[in-house]
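Chemist: The sequence and its predicted three-dimensional model are supplied below.
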Amino acid sequence: MTDRDNQFEAAAVENAAAGKSGLSQAEIDELVASSDTGGRSPSPAISKLITWTAIVWSLFQLWIASPLPFMLRFGVFNDTEARSFHLAFALFLAFLAYPAARSTVQLILGVGVPAILTFLFMYGAKDDTAIWWIPLVGIGMIAAVLLGSPKDRVPPWEWVLAVLGACSSLYLYFAYDAIAQRVGAPITPDFVVAVIGIMILLEATRRALGPALMIVATVFLVYTFLGPIMPSIIAHKGNNLSEVVNHQWITTEGVFGIALGVSTSFVFLFVLFGSLLDKAGAGNYFIQVAFSLMGHMRGGPAKAAVVSSAMTGLISGSSIANVVTTGTFTIPLMKRVGFSSEKAGAVEVASSVNGQIMPPVMGAAAFLMVEYVGIPYFDVVKHAFVPAVISYIALVYIVHLEAMKANMQGLPRVVEPKPLVAWLMSLAFTIAVICALSFAVYYGMGWIRPAFGAYAGYIVFALLVAVYVGLLRVACRENRLKMEDPNAPVTKLPVPGPTIRAGLHFLLPVVVLVWALMVDRLSPGLSAFWAAAFMVFILVTQRPLEAIFRGEGDLGGAMRNGFRELIEGLEAGARNMIGIGIATATAGIIVGAVSQTGVGSALADVVEVLSGGNILAILFLTAILSLILGMGLPTTANYIVVSALLAPVIVTLGQQNGLIVPLIAVHLFVFYFGIMADVTPPVGLASFAAAAVSGGDPIRTGVVAFFYSLRTAALPFLFIFNTDLLLIDVDWIHGIFVFITATIAMLLFAAATQGWFLARNKIWESVLLLLIAFTFFRPGFWMDMVAPPFAQVEPARFEQALGDAQPGTEIRLTVDGLNAVGDPVTFTAPLTVPEGETGADRLMATGIETIDRDGSVIIDNVAFDSPAQKVGLDWDQEIVEVLAPQAQPSKYLMYLPALLILALVVWLQRRRRPQPQVAHA
C-alpha cells in the first residue's frame, strides 16, 4: 500500500472512469501499476535494475532501523545522512519508473515550472555575478521535458535526471562535515546542488504525484522570493537565493526537514510491513473474513466492504490503493445485490478514505503528529481512536439504511445461522478466551523479562514461533482461501469459522506491532522494524511449512516460492514508497517557506478579517481552506501542508476569541478536512478511482460519497468543542461512556442525513434527530445556557477568585497586550488553579505578580517556566476580564429530554415502518 492519495494522474483516472462498463481486472492492474509503482515497462535489464534498486532501498531502511549498526559499530547514519539516502533512492527510482505524462496541462507545467524557477533563482541572486549557470539548468530541465518520456524505455536524458537527482540528495551525506562548518554561508557548489535538486525534485513530483503538489510548492517558492510585491496583508521582506538555498536544501529546515525524517524513520517501515503482509496473503484474508461475517446481512457486500477497508486501512497509507484493492471485489458484489454503480463506488470511497483516520498508521500522519504536536505516539493513537471507530460504525449503519430503503437482501449462506442464544453463548466464550489469553500474555511477558534477563528476547521469539507454527497448522486443516471472481454468480458465502481459522497466523505480526507500540512503548520505527522482521520470517517459512502440513511435497519449490514472495514484498514496499518520499520532501519546501516567511501569521490575519472573529466562522473557513489545500495531495503531504499553514490559525485566533483547544484536537481537525479532499468533487481522485472500477459517473460517485462522509466532516467540529471524544483527561469508565454515547449520536446523525431511521423521515423528524445527536455529542452546550460554567469577576478580584476556586479547576483570563511584532492583541489564557492556602499563595504559584495602574490590573512580572508563562502571559499585559469557575449541574442531565424526544420519533416511525419481504431461497 502507498501513501499517495492522488496517485492516479487526473487525466488517466478521469478517462478510465468515463467508461460505463467498469474496467477489467487487467486494466485495473495496469492502472494500479501506473500510479502506485510507476507505469514504465522498460527492457528486462532495466526492469531488473529497478527491482534490485528497490530491494536495496528496503534492506537499507531495515538496516538503519535495526539495532545491528550500533551492535556492530558499522553503518551508523545520523538523521540527516539517512534522509539524504532516502531521498536519493526515491528520486533515482522516480525517473526510472515513472514516465512523464504527455497531456497538454502536464506539458505546460513541465515547461512552465522550470522557467518560473529559473526566473526566481536569477531574481534572488541578482547581486551575485556567478549566476550564468542557472539558465543552463533551467533550459536543460525544459529540454528533458520536451524531448519526451517513452513508456517502454528510459532515454539518456532521464538517466541524467535520475543520477543528478540522487547526487543532489547525497551531497548532504558526502559534504556533511564541511556544511556543518559553514552553516548560513553557502558556497558555489551548495548553490549549484540546491538549484538542480529543487528543479529535479519538483519534476519528480509532477511525474509521481500529479500536478497539485508541484503547483503548491512552486507558489510558495514564488511567495518566498517575491514577498515585497505581494498584497500588503501577506507581504514580507523577501528572501534572496543564498537564504533560500541554505534554508531549503543545505540545512534541515526545508526539504530535509521533519517530514522527510518521519518518512525515513517510520513511514517506510510501515509501508514495507503492509506490503509484506499483503504478499503473504493477509489482504485476501481480511476481505474473506469480512464477507463471511457480514455478507448475509441486508446490503451485506457493502457492509463487508466497509469492514474489509477498515482492516486494510490499519496497515494502508493510501485511500486510492484501498479503493482498488478491496473495491475490485466488493464493488461488483454490491452492484449485484441492488446498489447502483455510483452508490457502490461511493461506499467504497467513503470506507477507504476513512482508513486514513484509522490508527495505528493513519496514512502515516500519526507519526508526523508525534513530531509536530510533541506528544507520545501512544497518545496520538488514543486520541484518534474513538472518532475513527464511530465513523466506521456509522458508515456500516448508512449502508444498512440504504439497504432498508431498497429492501435489499443479503447473500446466501452455506449453513443456517445458530439460534440467538447459542450465538451469544459462543460470542461470550470467544471474548472470555481472548481476555484470558490477553492476561496470560501480558503477565507472562512481565514474568519472562525479569526471569531471563538478557535472554528474554530469545525466549519471546521462540514462543512467537511456537504460536505461529501452531496457528499455521490450524490454518492448513482448512482449504486455502482463494479470491473468488466477483462477476461470477454468487451461490454461497464463506463459512465464518473455517475462514477465520484459515489465516489466524496473519494476525501475529499485527499483534507484535501493536504490542511494541502500545505496551512496550517502543519508538514507531523500532516497533515497525520488529513487526517487519517477523513478517520476513513468516514469508520465508510459510510456504515450506504449508507444504509439510498439507503433505504436498516439493519442499524446494515451496521454499523458492517463499523467497520469491519476500523479494516481491521488498520490491513492492520500496516502489510504493517512491511517491511518499518525494511527497514529504516537496512538502518540506512548503514547510520551509512557512517558517522562513511567516506566512502562517499572515494567513491568520486573512482568516480573522474574513471571519470577523466569530469562532464558528473561523472553523468553517479553516475547514474550507483545508479542503482546498488537500486537493490532489497525498495523505502525508496533505497533513504536512494543512498542519503547517492552518493549525496555527485555529490556535492563534481561537485563543484570541476564547476558544481554548488542545493542540492535538486542532491537528486532527485540519487533517480530517484535508483528507476529505479525496472524496469531494471535482478533484476527489478516490471517487474517480472507484468510478473506474464500478463504471459509474465519477462526479455523481463523488457527490454520493461526500454525503456518506458527512459524518466524518461533522466529527472535527464536535471534538473541537467536546474534547472528551478524543479521550483527553478522561478515565477508562468515562471513556467507555463517551464511546457509547458518541456512537449513538453518530448513528442518529447518519439517520438524519440519510433521511431514513426506522422508516422514511419527515423533514421535522430529521431536524429532531439532528438536535438529539448534537445533544448526545455536546450536552454541555445546552447546560451552559441553563447554568454557565464561569462567572465574570472584576480583574481587581483576581486574587480572591483564585482563593475561592477549587484546586485543579480552570480560571480564564482575558488580557490585552502586544504580540511578537508589537501589534496590539487580545487573547484568553486558561490557568489551572494551583494548591495553596490563600489566594496570594496560589497567585504566587501561578508565577504572576500584578500591580494596580490607574484602576487597571497590570501583570508586572511572570516567573520563568511558570504556568502563567506557558499559557502566554507576559509582563505589562492588562487583565481585562476574569472568568472564575462556578458549580454547574451535570451536563448529562440533558440526555433525559433528548431520550424522551427520541422515544417520540421511534414511536411515530414504528407506526409506519414498512414490513420486510420474506426472502426466497
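Modeler: Received, thanks.
Chemist: hey, let's count contacts and neighbours off CA atoms from now on
Modeler: Fine.
Chemist: To which secondary structure element type does residue 255 belong?
Modeler: coil (DSSP: H, G, I helix; E, B strand; the rest coil).
Chemist: who's in contact with it?
Modeler: Shown in contact with residue 255 (Cα atoms under 8 Å, 6 or more residues apart in numbering): 248, 249, 584, 585, 586, 587, 588, 589, 592.
Chemist: Next: residue 816.
Modeler: Residues near residue 816 by Cα under 8 Å, 6+ apart: 824, 825, 826, 827, 877, 878, 879, 880.
Chemist: In strands, which of those residues fall?
Modeler: Applying DSSP state E to the contacts of residue 816, the entries found in strands are 824, 825, 826, 827, 878, 879, 880.
Chemist: What subset of the residues you listed is buried?
Modeler: 826, 827, 878, 879, 880 (16 or more other Cα atoms under 10 Å).
Chemist: Dump those residues to a markdown table, plus distance to residue 806 and pLDDT.
Modeler: A markdown table is the format used below for those (distance: Cα to Cα, whole Å; pLDDT from 0 to 100):
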| residue | distance to residue 806 | pLDDT |
| --- | --- | --- |
| 826 | 27 | 85 |
| 827 | 24 | 84 |
| 878 | 25 | 90 |
| 879 | 21 | 91 |
| 880 | 22 | 90 |
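Chemist: could I get these as a markdown table with distance to residue 138?
Modeler: Listed next are those as a markdown table, based on distance: Cα to Cα, whole Å:
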| residue | distance to residue 138 |
| --- | --- |
| 826 | 48 |
| 827 | 48 |
| 878 | 55 |
| 879 | 56 |
| 880 | 57 |
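Chemist: all helices for the stretch 601-750 of the chain, in order.
Modeler: When assigned using DSSP state H, counting those that start in this stretch, the helices of the stretch 601-750 of the chain occupy the ranges 615-630, 635-645, 647-656, 663-675, 685-694, 698-708, 710-721, 732-754.
Chemist: ranking those by burial, who's on top?
Modeler: Stretch with highest mean neighbour count among these: helix 685-694 (a mean of 34; mean count of other Cα atoms under 10 Å).
Chemist: gap between that helix and the chain center?
Modeler: Here helix 685-694 is found 20 Å from its chain centre; the criterion is Cα atoms, centre = their mean, to the nearest Å.
Chemist: Could you quantify the relative orientation of it and helix 698-708 as an angle?
Modeler: 120 degrees (axes from the mean of the first three to the mean of the last three Cα atoms, to 10 degrees).
Chemist: Now tell me which helix or strand of the protein has the poorest mean pLDDT.
Modeler: helix 10-18 (a mean of 42; mean pLDDT, DSSP states H and E).
Chemist: Whichever helix in the chain runs longest - contacts with which helices or strands?
Modeler: If you go by DSSP state H, the chain has its longest helix at helix 555-597. With contacts taken as 3 or more Cα pairs under 8 Å, 6 or more residues apart in numbering; DSSP states H and E, helix 555-597 sits against helix 44-65, helix 79-97, helix 188-209, helix 211-225, helix 258-262, helix 268-280, helix 524-550, helix 635-645.
Chemist: can you list those in JSON lines and add distance to residue 729 and mean pLDDT?
Modeler: Shown next, in JSON lines, are the helices and strands packed on helix 555-597 (distance: least, Cα to Cα, whole Å; pLDDT from 0 to 100):
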{"stretch": "helix 44-65", "distance to residue 729": "33", "mean pLDDT": "93"}
{"stretch": "helix 79-97", "distance to residue 729": "34", "mean pLDDT": "94"}
{"stretch": "helix 188-209", "distance to residue 729": "40", "mean pLDDT": "92"}
{"stretch": "helix 211-225", "distance to residue 729": "37", "mean pLDDT": "90"}
{"stretch": "helix 258-262", "distance to residue 729": "28", "mean pLDDT": "86"}
{"stretch": "helix 268-280", "distance to residue 729": "29", "mean pLDDT": "86"}
{"stretch": "helix 524-550", "distance to residue 729": "24", "mean pLDDT": "90"}
{"stretch": "helix 635-645", "distance to residue 729": "23", "mean pLDDT": "81"}
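Chemist: domains in this structure, as residue ranges please.
Modeler: Domain ranges of the chain: 10-261, 617-786, 790-887, per automatic domain parsing.
Chemist: Straight-line length of the shortest one, end to end?
Modeler: When the termini of domain 790-887 are compared using Cα to Cα, to the nearest Å, they are 8 Å apart.
Chemist: pretty sure residue 155 is touching residue 149, no?
Modeler: Yes. Using Cα atoms under 8 Å, residue 155 is in contact with residue 149, at 7.2 Å.
Chemist: With neighbour numbers in mind, choose between those two.
Modeler: Between residue 155 and residue 149, counting by other Cα atoms under 10 Å, residue 149 is the more crowded of the two (20 against 15).
Chemist: Secondary structure class of the more buried one, three-state.
Modeler: Going by three-state DSSP: residue 149 is coil.
Chemist: so what's it up against?
Modeler: 99, 100, 101, 155, 158.
Chemist: Just the buried residues of the residues you listed.
Modeler: 99, 100, 101, 158.
Chemist: now, the most widely separated pair of those residues?
Modeler: 101 and 158 (13.7 Å; Cα to Cα).
Chemist: Let me know the closest of the buried ones among the ones in strands among the contacts of residue 816 to residue 444.
Modeler: Checking those against residue 444 by Cα to Cα gives residue 827 as the nearest, at 52.0 Å.
Chemist: Much appreciated, bye for now.
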